[in-house]
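In: Show me how the following folds:
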Amino acid sequence: MREFLLTVTEDLKGKDIKYILKNRFAFSGRLITSLKEGDGITLNGKKEFVNKTVSSGDVLKITLFDKASENITPENIPLEILFEDEDLLIINKPPKMPTHTSVYHNTGTVSNAILYYFRDRPFTFRAPSRLDRDTSGVLIIAKNAWSGDCISRAIKNGEFEKEYVAVCVGTLKGKKGTVSAPIKREKEGIIKRIIADDGKPAVTDYEVIDELNGLSLIKLHPKTGRTHQIRLHLAHLGVPIYADFLYGKDIEGERIRLHCHSVSFPHPVTKKHMKITAPLPKDMELLEICKKL
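Out: Next comes the predicted model:
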């Protein structure tokens, strides 16, 4: 449960509650609708509807109630927490750990771990900036529907920046540049993507940090969020990620060396700029080429 209190100021006098929710809190229509279902809106201690107009000095209270995610079994899995407050939980996701449960992964996911972490209260699992199973690094969990909406909006508006690092096979002539290559699904019903003129726009900035023994350590800033964008764009450049079984070469027993090193975004409530950095996992930290990070 998350509560917000607002004492109505002169500039809001005569406005209705719906106006305040949309313009002061930036609540989505879906979230405003959910507040109508319970005692989510009170004015001076009395339940009210969104069409109620307010007066200067009125106290508006908004309560966000959560529901337990269905079909997710809580599991006592350790979490490496990088940041936590009332609205966000940010972790360093280990490699080989899916973010969400699925037909193939009912257990051992981030969602299982999070439901156990919040086992003392109803909690809906929300990961607005998900990571693939093999990708490690910074993962944001929204602790309420509003913070989830804010993060999703920041991503859509270009206010959310991710920095990845990848160990790649091969070297590049140009050490810095941008890949702009549209992406689409190879065939309906399969996960693999391809570069295609009729695909969705996809843009990735890259910079080579180091080269060693035929490998490259590359820093990446995706400007769009297409599925497998970084993996496909690096393969398109001729330097697929080490052990990338879809776009490079499968290496038995090895995982893709891709890590979400940091995220930068405005905090949902304070609007303060945040930058969260995640240490490298052991399988990258021990590589000589990663020592400059």
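
In: Give me the distance between the two termini of stretch 281-293.
Out: Its start and end residues considered, stretch 281-293 measures 12 Å (C-alpha to C-alpha, to the nearest Å).

In: Any chance you could list what contacts that stretch?
Out: 94-95, 136, 165, 167, 209-213, 215-217, 255, 257, 259, 261, 279-280 (C-beta atoms under 8 Å, 6 or more residues apart in numbering). Where C-beta positions appear, they are placed from N, C-alpha and C, glycine not excepted.

In: Mind listing what's buried along it?
Out: Neighbour-count burial for stretch 281-293, counted by 16 or more other C-beta atoms under 10 Å, picks out 281, 283-284, 287, 289-290, 293.

In: In helices, which of the residues you listed appear?
Out: The helices, defined by DSSP state H, take in 283-284 from these.

In: Adding pLDDT, write the buried residues of stretch 281-293 out as TSV.
Out: As requested, these are exported to TSV (pLDDT from 0 to 100):
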residue	pLDDT
281	95
283	92
284	94
287	90
289	91
290	92
293	82
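
In: Name the nearest of the buried residues of stretch 281-293 relative to residue 33.
Out: residue 281 (41.0 Å; C-beta to C-beta).

In: do you know how far the closest one is from residue 91?
Out: Residue 281 is 13 Å from residue 91, where distance means C-beta to C-beta, to the nearest Å.

In: all helices for the stretch 51-200 of the chain, in order.
Out: Ranges of helices within the stretch 51-200 of the chain are 110-117, 145-156, based on DSSP state H, counting those that start in this stretch.

In: between those helices, which one is nearest to residue 185?
Out: That would be helix 145-156 among the helices of the stretch 51-200 of the chain, by C-beta to C-beta, at 20.9 Å.

In: follow-up on the earlier one: among the helices of the stretch 51-200 of the chain, which is the most enclosed?
Out: Ranked by mean neighbour count, the helices of the stretch 51-200 of the chain are led by helix 110-117 with a mean of 22 (mean count of other C-beta atoms under 10 Å).

In: name the helices or strands packed onto it?
Out: strand 88-93, strand 136-142 (3 or more C-beta pairs under 8 Å, 6 or more residues apart in numbering; DSSP states H and E).

In: Domain-wise, how is the chain divided?
Out: Residue ranges for each domain of the chain read 2-64, 162-260, as given by automatic domain parsing.

In: least reliable of those going by mean pLDDT?
Out: Ranked by mean pLDDT, the domains of the chain bottom out at domain 2-64, with a mean of 91.

In: picking that back up, highest average neighbour count across the helices and strands packed on helix 110-117?
Out: strand 136-142 (a mean of 26).

In: Direction included, what does it pair up with?
Out: Sheet pairing for strand 136-142, assigned by DSSP bridges, gives strand 88-93 (antiparallel), strand 258-266 (parallel).

In: Could you pull up the contacting residues of residue 255?
Out: 95-96, 134, 243, 283.

In: Over to residue 268?
Out: 87-88, 146-147, 150-151.

In: Leaving out chain neighbours, which residue sits closest to it?
Out: residue 150 (3.6 Å; C-beta to C-beta, 6 or more residues apart in numbering).

In: wait, that neighbour sits on residue 26?
Out: Yes - look at residue 150 against residue 26 with C-beta atoms under 8 Å: they come within range, at 6.9 Å.

In: Residue 52: neighbour count?
Out: By other C-beta atoms under 10 Å, the residues close to residue 52 number 15.

In: Can you tell me how far the residue lying closest to it once chain neighbours are set aside is from residue 276?
Out: Distance criterion C-beta to C-beta, 6+ apart; nearest residue to residue 52, sequence neighbours excluded, is residue 17 at 5.3 Å. Distance from residue 17 to residue 276, counting by C-beta to C-beta: 34 Å.

In: still on that earlier bit, show the model's pLDDT score for the residue nearest to residue 268.
Out: pLDDT at residue 150 comes out at 92.

In: Pull up the gap between it and residue 249, please.
Out: Relative to residue 249, and taking C-beta to C-beta, residue 150 is found at 40 Å.

In: swap in residue 99?
Out: In terms of C-beta to C-beta, residue 99 sits 25 Å off from residue 249.

In: again with residue 140
Out: 32 Å.

In: cool, residue 97 as well?
Out: In this view, residue 97 and residue 249 are 23 Å apart by C-beta to C-beta.
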